[in-house]
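Participant: Please work out how this folds:
(one chain, ligands or ions: 1)
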Amino acid sequence: MALAKHSRRAAPRSAGSQAPRSIVFAARNVAFTRRHAQQQAVVALTRSVDEEVSAPRQERPVASEPARVVATPPPSANGALQIPVEDRPKTLRNIVFVSSEAAPWSKTGGLGDVVGSLPIALAARGHRVMVVVPRYADYEDTHDTGVRVTLLGHTQVSYFHKRAKGVDWVFVDHPSYKRPAGLYADEHGPYPDNQFRFTALCLAACEAPLNLPLPRGDNAEGQKELYGQDITFVANDWHGSLVPVYLAGKYRPHGVYTNSRSILAIHNLRHQGVYPPHSFKELGLPDNWYGAVEFQYPPHQRQGSYAEEGRSVNHLKAGITTADRLLTVSPGYSGEIKTYLGGWGMEGLLASRAPVLSGIVNGIDMEEWNPASDKFLAANYSIADFKAGKAANKAALQKELGLPVNPDVPLLAFIGRLDFQKGADLLLQVAPWMMSQGVQLVCLGTGTPDLEAGLRWLEATYPQQARGWVGFNVAMSHKMTAAADILLMPSRFEPCGLNQLYAMRYGTVPVAHKTGGLGDTVIDFNPFTQPPVGTGWTFSNFDAGGLMHATGLALSTLRKHPEDFQGIQRRGMERDSSWNCAAKKYEDIFEWASIDPPYCK
Ligand SMILES: Nc1ncnc2c1ncn2[C@@H]1O[C@H](COP(=O)(O)OP(=O)(O)O[C@H]2O[C@H](CO)[C@@H](O)[C@H](O)[C@H]2O)[C@@H](O)[C@H]1O
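Facilitator: Okay, here's the model as predicted:
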């Protein structure tokens, strides 16, 4: 593993002993079945890692061989994907996703992409799937279900609904969700009521299957049915982390949801939802559940006004200690978060739950990210004609951004949040060297003021070679992905990463730090095998030398061995990144969760 040692926010240490007694009993009772599940998990993890590594070896990217076209199931008239009945799972489930984002309605990053597409893939496989997200705006085509529920004894929420692509999209309405600025913060920082907003989301999600009659199938006039109590919840990140706690502490003691299971999907461990200990009384949990949500920071990490003893209410920690199974978005990241360097203080807890911790690489929306039909591109193309198609997009982007239009200049791109995680600071450090190599560099992102200023500096200093677009622009991200020869992803850590998957689908070669999902998905080019293998280049040392070395290899291959470079592009385009592939692995996790009794009874 190659993780850069990072400076930490206050980061907690193990608090396993604080788990409620019921957890300990449950843990003993299920020891056998969990061992069984662990064996399954090991097999599955080995399989998924092997698949990642061996895929390019099985392919034969010889120029004369016809290209393998990744089969995306054609959508039906209503936009839902169709999976043949014989390929569907034997056990069909009622699945409820709980998330703070779902594209296209709300998205600040990859979480929105994932929750906007994985449920569709699961619905296509026959499951009944609901996604519960906040109603941040008056979304078109959604209707008020008329259902009102009172939470915490004082807060009324209502539910809006839209059926699309086989999924029930449910928007929780409360005045606190609609804000003129961002989803989570404005220019003054995170909203002070974020804890309340996402606590209410979790409670509303627990109430939805019990109170919200929804039509089965696409006929809005058809018979309406509740989802009921036999639910597999997929809680995403800290915003959904209280779902497993409520199931165990609030519902099961009253005989509700006794047969439900919860999966906590961790997309980014860095954000944990940390609040003062006195906020516990606002969560509506019985007093004896305080231990499940408290996290006590070690002395050297205590900071802030409520941290004299290092005590805090930590939502993600609460989910980690109570969910039936834990999931991260790549096998590599599932290993890293059990270590000091990648655990952000949760490593002890996560290691203690290693038997139920798995990693599944994200898929991508193969419709939205399809160079053959992408509406943002100057020219559509496929694997059969990618050379000409990419050249046309490159010329169009160079023209649009006011760069010299030259097909022979390597075009490098960076797309992502400008923050500590994505390594834009390393990119800026190496930028002068890159410029000396005679390349063009285009960057797109928003984030911290210093890094945004860095992009402006880059453009001002190298007006003939560099562009730094400060902003969030989906169209531009598609254009850059299609136009670039090389996509740079110098992330310090990366739970999965989607941009490298988009890049490969568009015949753009990733150069990435070998961390988390980047290490799992970008296979290093090796010209010495017959036939050559690899879909890009990675570097293990997170420093300027590492990035320069990998970029240098990519540039010299592009310039001196164009046929090898095209082989790399072709292998990337052939990679099956469809959600159907990942959805099957999610079904395994659901199955293992259902074999074991609830972790917290
Ligand atoms: N300025 C901009 N303009 C337009 N589009 C922009 C943009 N900046 C970012 N994006 C888009 O936002 C998405 C970001 O995807 P990432 O995988 O990098 O996610 P992120 O780090 O937010 O999420 C976390 O969750 C995801 C999903 O699990 C993990 O892949 C990831 O590793 C983890 O950190 C991509 O679709 C990207 O194109």
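Participant: any low-confidence regions in the chain?
Facilitator: 1-82, 86, 304-308 (pLDDT under 70).
Participant: Residue numbers of it in contact with the ligand?
Facilitator: By Cβ under 6 Å from any ligand atom, the part of the chain that sits against the ligand consists of 109-111, 113-114, 267-268, 329, 362, 415-417, 444-446, 472-474, 477, 494-499, 517. All C-beta atoms are positioned from the backbone trio N, CA, C, and that covers glycine.
Participant: Which of the three states applies to the nearest residue to G416 once chain neighbours are set aside?
Facilitator: Nearest non-adjacent residue to G416, counting by Cβ to Cβ, 6 or more residues apart in numbering: K422, 4.2 Å away. Classification of K422 using DSSP: H, G, I helix; E, B strand; the rest coil returns coil.
Participant: how about K422, what does it touch?
Facilitator: Shown in contact with K422 (Cβ atoms under 8 Å, 6 or more residues apart in numbering): 416, 445, 447, 489-492.
Participant: just the strands in the stretch 351-500 of the chain please.
Facilitator: 357-359, 411-415, 440-445, 466-470, 486-489 (DSSP state E, counting those that start in this stretch).
Participant: Would you mind measuring from the closest residue to A483 other than its chain neighbours to D385?
Facilitator: Using Cβ to Cβ, 6+ apart and skipping residues adjacent in sequence, the residue nearest A483 is L397, 3.8 Å away. Note on L397: its distance to D385, by Cβ to Cβ, to the nearest Å, is 18 Å.
Participant: okay, those two: which has more neighbours?
Facilitator: Per other Cβ atoms under 10 Å, whichever of L397 and D385 has more neighbours is L397, with 24 against 12.
Participant: OK, contacts around that one?
Facilitator: 378, 403, 411, 442, 479-480, 483.
Participant: Tell me the one of those nearest the ligand?
Facilitator: Nearest to the ligand among the contacts of L397, counting by Cβ to the nearest ligand atom, is M480 at 9.1 Å.
Participant: number of nearby residues for the closest one?
Facilitator: Here the number of neighbours of M480 (other Cβ under 10 Å) works out to 29.
Participant: ok, now D237?
Facilitator: As a burial measure, D237 scores 25 neighbours (other Cβ under 10 Å).
Participant: got the contact list for the closest residue to it other than its chain neighbours?
Facilitator: Using Cβ to Cβ, 6+ apart and skipping residues adjacent in sequence, the residue nearest D237 is H267, 5.3 Å away. By Cβ under 8 Å, 6+ apart, the contact list for H267 reads 110-111, 114, 236-237, 328-329, 495-496.
Participant: And those residues, which is closest to M346?
Facilitator: Proximity of these to M346 (Cβ to Cβ) peaks at T328, which lies at 11.3 Å.
Participant: Distance of that closest one relative to N362?
Facilitator: 10 Å.
Participant: Just want to know which of those two has more residues nearby.
Facilitator: The residue with more neighbours, out of T328 and N362, is T328; 27 against 22, by other Cβ under 10 Å.
Participant: What strand or helix carries the residue nearest to that one when sequence neighbours are not counted?
Facilitator: Nearest non-adjacent residue to T328, counting by Cβ to Cβ, 6+ apart: S334, 4.3 Å away. Using DSSP states H and E, S334 sits within helix 331-336.
Participant: CA atoms of that helix as CSV?
Facilitator: Only the C-alpha atoms of helix 331-336 are listed here, as CSV (Å, rounded to 0.1, in the frame of the first residue of the first chain):
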residue,chain,number,x,y,z
PRO,A,331,-10.8,-3.9,-2.2
GLY,A,332,-7.6,-1.8,-1.9
TYR,A,333,-9.3,0.8,0.2
SER,A,334,-10.9,-1.8,2.4
GLY,A,335,-7.4,-2.9,3.3
GLU,A,336,-6.0,0.6,3.8
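Participant: list the helices and strands it packs on?
Facilitator: Helix 331-336 is packed against helix 31-58, strand 357-359, helix 516-521, with contacts defined by 3 or more Cβ pairs under 8 Å, 6 or more residues apart in numbering; DSSP states H and E.
Participant: Show me the protein divided up by domain.
Facilitator: According to the TED database, the chain is divided into the following domains: 93-273+326-363+581-595, 385-576.
Participant: Adding distance to A292, write the ones you listed out as JSON lines.
Facilitator: Output for those, formatted as JSON lines (distance: least, Cβ to Cβ, whole Å):
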{"stretch": "domain 93-273+326-363+581-595", "distance to A292": "6"}
{"stretch": "domain 385-576", "distance to A292": "24"}
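Participant: Which one of those lies nearest to I83?
Facilitator: Among the domains of the chain, domain 93-273+326-363+581-595 comes nearest to I83, with 4.7 Å by Cβ to Cβ.
Participant: got the end-to-end distance for the closest one?
Facilitator: 14 Å (Cα to Cα, to the nearest Å).
Participant: before we move on, the earlier item: what separation do you get for the residue nearest to A483 and G416?
Facilitator: Separation of L397 from G416 (Cβ to Cβ): 18 Å.
Participant: give me the number of residues near the residue nearest to T328?
Facilitator: Applying other Cβ under 10 Å, I find that S334 has 26 neighbouring residues.
Participant: show me the contacts for it.
Facilitator: With contact set as Cβ under 8 Å, 6+ apart, S334 has these partners: 45, 327-328, 357-359.
Participant: do that again at 6 Å, thanks
Facilitator: In this structure, S334 makes contact with 328, 357, 359, judged by Cβ atoms under 6 Å, 6 or more residues apart in numbering.
Participant: Now do the contacts for the closest residue to the second one other than its chain neighbours.
Facilitator: With sequence-adjacent residues excluded and distances taken as Cβ to Cβ, 6+ apart, L357 is closest to L326, at 4.5 Å. Residues in contact with L326 (Cβ under 6 Å, 6+ apart) are 264, 353, 356-357.
Participant: at 8 Å instead, please
Facilitator: 263-264, 266, 320, 350, 353, 356-358.
Participant: Quick check: the farthest pair among those residues?
Facilitator: I263 and L350 (14.6 Å).
Participant: Please say which of these two ends up with more neighbours.
Facilitator: Higher neighbour count among I263 and L350: I263, with 26 against 23, using other Cβ under 10 Å.
Participant: part of a strand, is that one?
Facilitator: Yes - assessed with three-state DSSP, I263 lies in a strand.
Participant: which residues does it bridge with?
Facilitator: Beta bridges link I263 to V234, R325 when assigned by DSSP bridges.
Participant: doesn't A323 make contact with it?
Facilitator: Yes - contact status for I263 versus A323: in contact at 6.4 Å, counting by Cβ atoms under 8 Å.
Participant: who touches both of those two?
Facilitator: Taking Cβ under 8 Å, 6+ apart as the contact rule, I263 and A323 both touch A235.
Participant: Just the element for G112, please.
Facilitator: helix 110-124.
Participant: who does that helix touch, helix- and strand-wise?
Facilitator: The contact analysis (3+ Cβ pairs under 8 Å, 6+ apart) places helix 110-124 against strand 94-98, strand 128-134, strand 167-173, strand 231-236, helix 579-595.
Participant: Relative to L341, which of those is closest?
Facilitator: strand 231-236 (23.7 Å).
Participant: Quick one: name whatever helix or strand follows the closest one.
Facilitator: With elements assigned by DSSP H and E, the helix or strand that comes after strand 231-236 is helix 242-246.
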